[in-house]
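Peer 1: Give me the fold of what follows.
(one chain, ligands or ions: 2)
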Amino acid sequence: MAASLSRDLAGNVNYRHPTYLGILASGLLTVLVIVGSRNLEHFDSALFGYTIASIVALGAIVFRYAVWLQRPATRTYWLRGWRLFRDRKKLFKNTTNAAETIGKNLIAQNFIFKRGFTRWLTHFLIMWGCILAAAITFPLVFGWVHFELEGDMGYRAYLFGFPVQLMEGRSLIAWLTFHALDITAIMVLAGCALAIHRRLKDRGAIAYQSFLLDFTPHLLLIAISVSGLMLTASSLWFEGYMYPFIALLHQATVIMTLFYLPFGKLFHIVQRPASIGVELYQSRSHEMEQAVCPRCATMFVGQLWINDLKSVVKQLGFDYRMKNGRTLQDYCPRCKRVMRGLAYAGLADRSEPVFYGTRADKAE
Ligand code: HEM
Ligand code: HEM
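Peer 2: Residues are numbered from 1 along each chain as shown. Ligands and ions are numbered 1, 2, ... in the order given. Predicted coordinates:
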C-alpha cells in the first residue's frame, strides 16, 4: 500500500482537481452537519474533535481517491465500467449484475470465502463490526440522531430533529440499541485476534508481511474497541471512574484511525468497491466482438478488453510489440505461456526465440 500510495502521489499527476474535490467534500459534510443537527441545536460540543477529524479525513479520502483514479489502469477500467453500466439497452441487466456483485462480493464477501472459512470469518467480523459501529457513531457525532428521555416511558430517538422511535427503557430493543457498540467492539476484537493469529502462524503471510502495513490496522482497531469497552465498564461497574480520560483515549484512537484511513491499508475499504465495474466489464465482454488468438485461433476475450489493455500497457510505458507486427496482448493466456516457454528454450540454445509460424498465421 505504501508503494501504491507513492505511485499515486508521483509522476504525471494533476493535483488541482483532487484538491478541489477534497475541499468540496469536506465543505459538503460541514454543511450537512450544520443542517442535519438543526443549526447545531443537537450537536454535542464535546464531540467537536471527532467532527473535525471526520471532515478532514473525508477530504483526504476524496483527494486520494481522485489521485488514484488518474492511474492509467484505474481510470480505464473505472470509466469503462460506468460507460457500460449506463448503456440504456442493458440498464436492467446491468443493474441486476451489479446488485449480484454487491451482494456476493461486498456484503457476503464470497471471494474471501474461497481463501478459507477462517479468513472469511476474520474479515466478516472486522468489516461488519466497523461498518455497524460507523453507522451508529457518525450520525450521533454529527448530531443527526439524538435521544430524549420521555417521562417514565423511555427514550425517543430523533433523526435530523424529527421524532422516530420510542423505546421502553427495559425493552430488548433499548438494551440492544444502547449496547450495539459493545457488540461491534467484540466482533472487531474477535476478527483482529483471528487475523493476528494467522499472521503469526502462517508461513506464507510471515514471508511478506510488514509491521506498518499488516499489523497497524489491527492494532488501531483493537485500541478503539478496547477503549470503547472500557467506557462501558467504567459507566456500568465503576461509577464513571476515569470516564473523561478513557473518553479522551477513545477519541484519540478514533482520530488516529480516521487520519490513517486514506494513507494505509484501510484505504481498500473505498478502493475495493470499484471492482463492481470491472466485474460488469468482464461479464459484458463475453457478449462483445471476440478477439481471436493469432496462434491457436481461439476466441478468448472481448476485443474491446484487449484494446483497453493495450492502451493501459502503452500508457505505463511498456512496449510489447513483437517482430511479427503483433503485440503480446493479442495472444490468449495459454499461448502466451507456451511462447514464453519456447522463448526460454530458445535462449538455452542461444538461438532466436520463435514467436511466429503459428496456426492462424499459416492459415492467413
Ligand atoms: C469497514 C470495512 C472494512 C474494514 C474495516 C476492512 C479491514 C480489513 C483488514 C483489517 C484486513 C487485513 C486482514 C488480515 O490481516 O489479513 C482486510 C483484508 C482484506 N480486505 Fe478488508 N476491510 C473492509 C472492507 C472491505 C471490502 C468492502 C472489501 C472488498 C470488497 C475488502 C476486501 C479485503 C480483502 C480481499 C482482504 C484480504 C483478506 C485475506 O486475504 O484474508 N475489505 N480488510
Ligand atoms: C471500530 C469502531 C468502533 C468501535 C468498536 C467503538 C466502540 C465504542 C464503544 C463500545 C463505546 C462505549 C459505548 C457505551 O458508552 O456504552 C463507544 C463510545 C463512543 N464512541 Fe466509539 N467505537 C468505534 C468507532 C467510533 C467512531 C468512528 C467514532 C466517531 C466518529 C466513535 C465515537 C464514539 C463516541 C463519541 C462515544 C461516546 C464516548 C463519550 O462518552 O465521550 N466511535 N465506542
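
Peer 1: Next one: the residue most central in space within the chain from ligand 2, what distance?
Peer 2: Centroid-nearest residue in the chain: residue 269, 2.3 Å away (criterion: C-alpha atoms, centre = their mean). Separation of residue 269 from ligand 2 (C-beta to the nearest ligand atom, to the nearest Å) stands at 12 Å. C-betas here are computed from N, CA, C, even on glycine.

Peer 1: what about the nearest residue to that residue once chain neighbours are set aside, how many neighbours?
Peer 2: Distance criterion C-beta to C-beta, 6 or more residues apart in numbering; nearest residue to residue 269, sequence neighbours excluded, is residue 261 at 7.5 Å. The local packing of residue 261 (other C-beta atoms under 10 Å) involves 20 other residues.

Peer 1: Test my guess that residue 261 contacts residue 57.
Peer 2: Yes: proximity of residue 261 to residue 57 meets the contact threshold set by C-beta atoms under 8 Å, at 5.7 Å.

Peer 1: ok, longest helix in this protein?
Peer 2: Identified as the longest helix of the chain according to DSSP state H is helix 172-201.

Peer 1: near ligand 1 at all, it?
Peer 2: Yes: counting by C-beta under 6 Å from any ligand atom, ligand 1 has neighbours in helix 172-201: 195, 199.

Peer 1: For residue 236, see how far away the one residue in the chain that gets nearest to ligand 2 is.
Peer 2: Of all residues in the chain, the one sitting closest to ligand 2 is residue 228 (2.5 Å; C-beta to the nearest ligand atom). If you measure residue 228 against residue 236 using C-beta to C-beta, to the nearest Å, the figure is 13 Å.

Peer 1: Which one's more surrounded, those two?
Peer 2: The neighbour comparison of residue 228 against residue 236 (other C-beta under 10 Å) goes to residue 228, with 24 against 11.

Peer 1: Helix or strand: which one has that one?
Peer 2: Using DSSP states H and E, residue 228 maps to helix 216-237.

Peer 1: Would you mark the buried spots in that helix?
Peer 2: Applying a neighbour-count criterion of 16 or more other C-beta atoms under 10 Å, the buried positions in helix 216-237 are 216-218, 220-231, 234.

Peer 1: Check stretch 331-345 too.
Peer 2: 331, 332, 335, 339.

Peer 1: when you check those residues against the strands, which ones overlap?
Peer 2: Secondary structure assignment by DSSP state E places none of the buried residues of stretch 331-345 in strands.

Peer 1: hmm, which two among those are most spread apart?
Peer 2: 332 and 339 (10.4 Å; C-beta to C-beta).

Peer 1: residues of the strand or helix carrying residue 156 that come out buried?
Peer 2: Using DSSP H and E, residue 156 sits within strand 154-159. Within strand 154-159, the residues scored as buried using 16+ other C-beta under 10 Å are 154, 155, 158.

Peer 1: Who does the next helix or strand after that strand pair with, and is each partner parallel or antiparallel?
Peer 2: Tracing the chain past strand 154-159, the next element assigned as helix or strand by DSSP H and E is strand 162-168. If you go by DSSP bridges, strand 162-168 pairs up with strand 154-159 (antiparallel).

Peer 1: Brilliant, that's me finished.
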